[in-house]
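Student: show me how the following folds:
(chains A and B)
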Amino acid sequence: MASMNPARPAVLIVEDEVLLRMDAADLVEEAGFAAIEAADADEAVAILEARPDIALLFTDVNMPGSMDGLKLAHEVRRRWPSMRIVIVSGHLQVGSHELPADSRFFGKPFQARRMIVELRAMLAN
Amino acid sequence: MIPFFGPVSDPTSLLKSLLASSGDCIKILDLDGNLVFMTEGGMRIMEVTDFGAIKGCPWPDFWHDQGNIDAKAAVAAARDGGAGHFQGYATTMAGTPKWWDVHVTPIIGPDGMPEKLLSVSRDVTASHRADLALKSSEARLTAALKAADTGTWDFDPQSGVLKWDDRCYQLFGLTPGKPISYDVFLAGLHPDDRAMADAACRGAMQPDGAQAYDIEFRTVGLEDGAERWCSAKGKCEFENGIAVRFIGTIRDISKLKRAEAQQQMLTRELEHRMKNTMAMVGAIANQTFRSASTKDEARDIFGARLQALNQAHDILTRSSWTSASMPAVIDGALAPYRSGEGRIRVSGPEIELTAKQALSLALAIHELATNATKYGALSVPGGTLSIDWDCVGSDAGQFLQFEWREAGGPPVLPPTKRGFGSRLIEGTLASDFGRSVKIEFLPDGLVCGFKTRLSDLAAVPPREH
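Tutor: Next up is the predicted model:
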């Protein structure tokens, strides 16, 4: 699944629930991007440090580990300013003031078709 | 002579009628306490029909028990020139029960020494009964307040005097009897509740304020530092628009508050589980419908996967979602695949899994069994499946080792495309049992195994062999 092909942008999926992670990975592949999976924020940061081809972070909020998805998103915005960021959560509504600049929030469950359109639009330019 | 009695023709006759009209039982006793004389009014009250029958009898003998002791003491006191006083119970001559207030005093003779004794008994039955009724009513109220775990408080807004009962002291974590005031009350409140309670009290004590005082607050024990949830109710009394008394009750509602918090936590937990389950079902549906080649196939696969998830839920529900027994989870997931021919052999000790592990294992076992039925050992007669797990110790600690081994099936070829089933098996097991999960397509049959540290599991009951 992982692809180093620069013509095909890579999306990093951060989700601790394996079924949901696999589902998101399929959705990302269906949208035409390379899906890279991480089970928590620490793993995500390690992958981001190693892979410059990742153009979009797709993260859940509730996660075990040193950072939750929101903290991860802020950290990513600070360290990789041009990264596109999508935050999803089924458990809470995240206010726009809590989100890092230039990021999108979606409540779960989201519609696969709509999410594909959003991802393509965000990665179009 | 007392002037306003006017001219008195016969002082003796006046004295006699005065004594007769008295409501008290007036008697004269000799120095030994024997009855010498009783007034007419006294005979009426004492229901004496024939004074002759009791004349000369020792007066203390009309009293029993403590009354007898008190009467003798009163006689002795009066004989010594003092005064005796007691209250006691005695029946009249006709047997009517009465309470009496009795004074015995000496009648001084010409030589200045007690010559006779005067005994005056007043019928106090009515007030005694009222007193008893009041005491019993107070006792009842106290008992009821105690039973209801309720304390009382009483504040005089004019003088600033505050009174608490023992229960009230207890709810403020203070030794009963310690000096208190409105400021002490405020100091005993949780800082976050202080302003609210203060405002409620001040409001209740204003004639045009909110009259009802019914609030909940936390106290922080003034001496013991313990936090207690309290419900306080009260009402202020006004005279001419001035608050004269603010009085009410206080009750410990810590248990109720704990139950409420527990309820809220359970509701949140349930919502969390519901959302998780919905998300899992959604993901399974997406995966199933994305990869199935026909609608019928999708429906069958989806139904079977939901069934596996449901099985695991049932097991978890039985333990209130705390843990699940590994053999029960495996047996539950395998149940639809057992044909009764004994081709599936399961062996391993009792091990408790966490809720998440139980769900993952159930789904993985389901996918493995589905795969075995379609392509593996269970797809041909004579093929067998054995599932073994055990706890193994090494220098690095205790491990749980699990193996799924198929044999006797058709020749195994590694799949050209990794489907959802194998991804789910590897993914779920790796996520909840560590990254050692390995699926091997050996010539004899598929083998799937993992080894995980036992300390990562819910609990391991002691081995029994």
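Student: let me see the contact set for residue B:450.
Tutor: Neighbouring residues of residue B:450 by C-beta atoms under 8 Å, 6 or more residues apart in numbering or on different chains: B:401, B:402, B:429, B:430, B:433, B:434, B:436, B:437, B:438. For the C-beta atoms, the positions are set from N, CA and C on the backbone; glycine is no exception.
Student: let me see the residues that make contact with the helix or strand where the fourth one lies.
Tutor: Taking DSSP states H and E as the definition, residue B:430 sits inside helix B:420-433. Helix B:420-433 is contacted from outside by A:16-19, A:21-22, A:39, B:287-288, B:290-291, B:354, B:356-357, B:360-361, B:363-364, B:367-368, B:370-371, B:400, B:402, B:415, B:437, B:439, B:448, B:450, B:452, B:456, using C-beta under 8 Å, 6+ apart.
Student: which element follows it toward the C-terminus?
Tutor: strand B:438-442.
Student: list the buried ones in the helix or strand just after that following strand?
Tutor: Using DSSP H and E, the next helix or strand after strand B:438-442 towards the C-terminus is strand B:445-453. Within strand B:445-453, the residues that qualify as buried are B:445, B:446, B:447, B:448, B:449, B:450, B:451, B:452, counting by 16 or more other C-beta atoms under 10 Å in any protein chain shown.
Student: now those in a markdown table, with pLDDT?
Tutor: Formatted as a markdown table, the buried residues of strand B:445-453 follow (pLDDT from 0 to 100):
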| residue | pLDDT |
| --- | --- |
| B:445 | 90 |
| B:446 | 92 |
| B:447 | 93 |
| B:448 | 93 |
| B:449 | 92 |
| B:450 | 91 |
| B:451 | 89 |
| B:452 | 86 |
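Student: longest helix in the chain, by number of residues?
Tutor: Because you didn't say which chain, this covers chain A. When chain A is scanned for its longest helix (criterion: DSSP state H), the result is helix A:18-30.
Student: wrong one, I was asking about chain B
Tutor: helix B:254-291.
Student: report the angle between the axes of the following helix or strand past that helix and helix B:420-433?
Tutor: Downstream of helix B:254-291, the next assigned helix or strand under DSSP H and E is helix B:295-318. Per axes from the mean of the first three to the mean of the last three C-alpha atoms, to 10 degrees, the angle that helix B:295-318 makes with helix B:420-433 is 20 degrees.
Student: toward the C-terminus, what is the element adjacent to helix B:295-318?
Tutor: Downstream of helix B:295-318, the first helix or strand assigned by DSSP H and E is strand B:324-325.
Student: I'd like to check what contacts that next one. Which residues are they?
Tutor: For strand B:324-325, with C-beta under 8 Å, 6+ apart as the criterion, the contacting residues are B:312, B:315, B:316, B:350, B:351, B:352, B:353, B:355, B:357, B:358.
Student: would you mind measuring from the first one to residue B:337?
Tutor: Per C-beta to C-beta, to the nearest Å, residue B:312 is found 15 Å from residue B:337.
Student: so which of the two has more stuff around it?
Tutor: residue B:312 (25 against 18; other C-beta atoms under 10 Å in any protein chain shown).
Student: contacting residues for the nearest residue to the more buried one once chain neighbours are set aside?
Tutor: Excluding the flanking residues, the one nearest residue B:312 by C-beta to C-beta, 6 or more residues apart in numbering or on different chains is residue B:362, at 3.5 Å. Shown in contact with residue B:362 (C-beta under 8 Å, 6+ apart): B:308, B:309, B:311, B:312, B:315, B:329, B:332, B:333.
Student: let's see it at 10 Å
Tutor: B:307-316, B:324, B:328-330, B:332-334, B:353, B:428 (C-beta atoms under 10 Å, 6 or more residues apart in numbering or on different chains).
Student: tell me the SS of residue 71?
Tutor: Using chain A. Following DSSP: H, G, I helix; E, B strand; the rest coil, residue A:71 is assigned to helix.
Student: ok, it - how many residues close by?
Tutor: Residue A:71: 15 neighbours (other C-beta under 10 Å).
Student: report pLDDT for it.
Tutor: You'll see residue A:71 listed with a pLDDT of 94.
Student: same thing with residue B:462?
Tutor: Taking residue B:462 on its own, its pLDDT is 43.
Student: what comes up buried for the lowest-mean-pLDDT helix or strand in chain B?
Tutor: Lowest by mean pLDDT, DSSP states H and E among the helices and strands of chain B is helix B:11-21, with a mean of 75. Neighbour counts using 16+ other C-beta under 10 Å place residue B:19 of helix B:11-21 among the buried residues.
Student: returning to what we had before: now, which of the contacts of strand B:324-325 lie within helices?
Tutor: Checking these against DSSP H, those in helices are B:312, B:315, B:316, B:355, B:357, B:358.
Student: one step back: summarise which helices and strands the longest helix of chain A is packed against.
Tutor: strand A:10-14, strand A:34-38, strand A:54-60, strand A:84-89, helix A:112-122, helix B:254-291, helix B:355-374, helix B:420-433 (3 or more C-beta pairs under 10 Å, 6 or more residues apart in numbering or on different chains; DSSP states H and E).
Student: related to what we said a few turns ago, out of the contacts of residue B:450, give me the two with the largest separation.
Tutor: B:401 and B:430 (15.5 Å; C-beta to C-beta).
Student: okay, the two: which has more neighbours?
Tutor: Taking neighbours as other C-beta under 10 Å, residue B:401 and residue B:430 compare with residue B:430 leading, 19 against 15.
Student: where does residue B:184 fall, secondary structure wise?
Tutor: helix B:182-187.
Student: give the buried residues for that helix.
Tutor: In helix B:182-187, counting by 16+ other C-beta under 10 Å, buried: B:182, B:185.
Student: ditto for stretch B:52-66
Tutor: Within stretch B:52-66, the residues scored as buried using 16+ other C-beta under 10 Å are B:54, B:58, B:59, B:60, B:62, B:63.
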